[in-house]
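1. here is a sequence with its predicted model. Questions after.
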Amino acid sequence: FYCSTQTGEDHRYVIGNVKSFATVEEKESVSSYNGPEFEDIDEKLQGSFDELLAEVGVNAELCDFIDAMALDKEQREYLRWLRNVKDIMEK
């Protein structure tokens, strides 16, 4: 699933598309088919995917956690970048 954590109609995530791979090689191939845009597939199938994600624990709390971890990682990467720039400037 390609999902982003933003406000949806009934939940905190929006599904972009659903990819399916038969092998690891297929998954890693740049030419793999990404599947249709989620909004273009049948509404019943969309509902089934939403139910599946809910069953495996994708909910607002998980989305909040992902957002918090992404922000934390961004800040840590920025601080690392600043230290690298400082080291270069001091040479």
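-> Great, that's in hand.

2. tell me where the model's unsure across this structure.
-> 1-3, 7-11 (pLDDT under 70).

3. tell me how far the top helix by length along it lies from the chain's centre.
-> The single longest helix within the chain, with elements called by DSSP state H, is helix 60-90. A distance of 17 Å separates the centroid of the chain from that of helix 60-90, by Cα atoms, centre = their mean, to the nearest Å.

4. buried stuff in that helix?
-> Buried residues in helix 60-90, counted by 16 or more other Cβ atoms under 10 Å: 63, 66. Using the backbone N, CA and C atoms, a C-beta is placed for each residue, glycine as well.

5. again, but for stretch 42-58
-> Neighbour-count burial for stretch 42-58 flags 50, 53, 58 (criterion: 16+ other Cβ under 10 Å).

6. any chance of these in a markdown table, with secondary structure and distance to residue 33 too?
-> Listed next are the buried residues of stretch 42-58 as a markdown table, based on DSSP: H, G, I helix; E, B strand; the rest coil; distance: Cβ to Cβ, whole Å:
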| residue | secondary structure | distance to residue 33 |
| --- | --- | --- |
| 50 | helix | 22 |
| 53 | helix | 21 |
| 58 | coil | 23 |
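
7. TSV for those residues, including distance to residue 37?
-> Shown next, in TSV, are the buried residues of stretch 42-58 (distance: Cβ to Cβ, whole Å):
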residue	distance to residue 37
50	15
53	17
58	19
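
8. looking at those residues, which is nearest residue 20?
-> Distance to residue 20, by Cβ to Cβ, is smallest for residue 53 among these, at 15.0 Å.

9. the closest one touches residue 12, doesn't it?
-> No: Residue 53 is not in contact with residue 12 according to Cβ atoms under 8 Å; the separation is 11.0 Å.
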